[in-house]
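Visitor: missing the sequence, but the structure's below:
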């Protein structure tokens with residue numbers, strides 16, 4: 001009945017998702033016939049019935065008198081979890097889809113994990129996280145894996161997970177954020193990568209007081225050394241946006257009384 005209604009969506013409204021009820025009521029109370037809304041409801045109906053058909057087909061194949069070792073074809077029902085900041089490269093888009101059936105049995109790996117803090121993950125973040133997960137799940141004891149470009153570069157198991165982390169970092173301190181455990185990062189405007197200020201808090205104290213898309217400016221302190229200021233810049237190729245950077249630097253220069261170092265990249269104007 002759902003498929004039949006969807007086939008006749010020009011004259012029939014078929015609803016399989018309760019989240020569409022408010023918009024359906026608004027549609028019914030209006031005077032205009034929105035064909036796009038009808039087509040969207042029909043699409044959801046076919047998708048809903050299609051997933052049901054896949055589930056039935058999968059069950060039938062598993063019966064001893066029907067299926068073999070491997071099915072000739074099968075469909076995996078995936079649902080959109082989130083869109084990502086960018087794809088494998090900054091100019092590409094990407095999204096994450098999950099099989100909700102896996103989460104019902106406490107499975108699903110990184111795709112079904114919960115992110116507790118930090119910025120939205122990128123495509124490459126998910127690749128690295130998945131590589132770390134696939135490595136760490138081979139160990140029974142609490143284990144930490146340091147990953148660089150999907151390759152495990154430090155692995156350690158201990159009863160104390162903090163100690164496991166320390167040992168994993170020692171295995172390759174260069175790949176593990178260059179051996180530094182504190183950082184500030186911002187995304188650039190009109191460029192790729194980002195401005196990344198990293199330091200070892202056991203050696204130096206860094207306090208960032210400006211952090212925007214083109215500039216991280218921080219006060220650097222170290223025992224027995226004079227306090228100084230670092231400006232890490234990534235000048236946008238957009239002249240209008242770049243002017244904001246020049247204004248920030250000009251304001252700083254008029255007030256600066258400490259040693260001041262400016263370092264970074266100035267992109268060609270586009």
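Guide: Great, that's in hand. The model shown is predicted, which means the values in this text are computed figures rather than measured ones.
Visitor: mind listing the strands for the protein?
Guide: Using DSSP state E, the strands assigned to the chain run over residues 79-83, 95-98, 143-148, 151-157, 182-186, 195-199, 205-211, 215-221, 228-235, 260-266.
Visitor: Out of those strands, which one sits most buried?
Guide: Scoring the strands of the chain by mean neighbour count under mean count of other CB atoms under 10 Å gives strand 143-148 as the most buried, with a mean of 21. To be clear about C-beta, it is placed using only N, CA and C from the backbone, and glycine gets the same treatment.
Visitor: Give the pairing partners of that one; include direction for each.
Guide: Taking DSSP bridges as the criterion, strand 143-148 forms sheet pairs with strand 151-157 (antiparallel).
Visitor: I'd like to know the average pLDDT value across the strand it pairs with.
Guide: In this model, strand 151-157 has an average pLDDT of 88.
Visitor: where along the protein do the helices fall?
Guide: Listed in chain order, the helices found in the chain under DSSP state H are 2-7, 21-29, 35-61, 100-103, 123-136, 161-171, 239-255.
Visitor: Out of those helices, which is closest to residue 143?
Guide: Of all the helices of the chain, it is helix 123-136 that lies closest to residue 143, at 4.8 Å by CB to CB.
Visitor: between the closest one and helix 161-171, what angle do the directions make?
Guide: For helix 123-136 against helix 161-171, the angle between stretch directions is 110 degrees (axes from the mean of the first three to the mean of the last three CA atoms, to 10 degrees).
Visitor: what's next to helix 123-136, contact-wise?
Guide: Helix 123-136 has contacts (CB atoms under 8 Å, 6 or more residues apart in numbering) with 84, 86-88, 92, 94, 96, 109-111, 113, 121, 143-145, 147-152, 155.
Visitor: same deal with stretch 226-238?
Guide: Under the criterion CB under 8 Å, 6+ apart, residues 188-191, 194-195, 197, 206, 213-221, 242, 245, 249, 252, 256, 258-270 lie in contact with stretch 226-238.
Visitor: let's see it at 7 Å
Guide: With CB atoms under 7 Å, 6 or more residues apart in numbering as the contact definition, stretch 226-238 has outside contacts at 188-191, 195, 197, 214-221, 242, 245, 249, 256, 258-270.
Visitor: and the strands of the chain, which one's lowest on average pLDDT?
Guide: Taking the mean pLDDT of the strands of the chain, strand 182-186 comes last: a mean of 65.
Visitor: Tell me, please, the helix or strand in this protein that averages the lowest pLDDT.
Guide: Counting by mean pLDDT, DSSP states H and E, the chain has its least confident helix or strand at strand 182-186, which shows a mean of 65.
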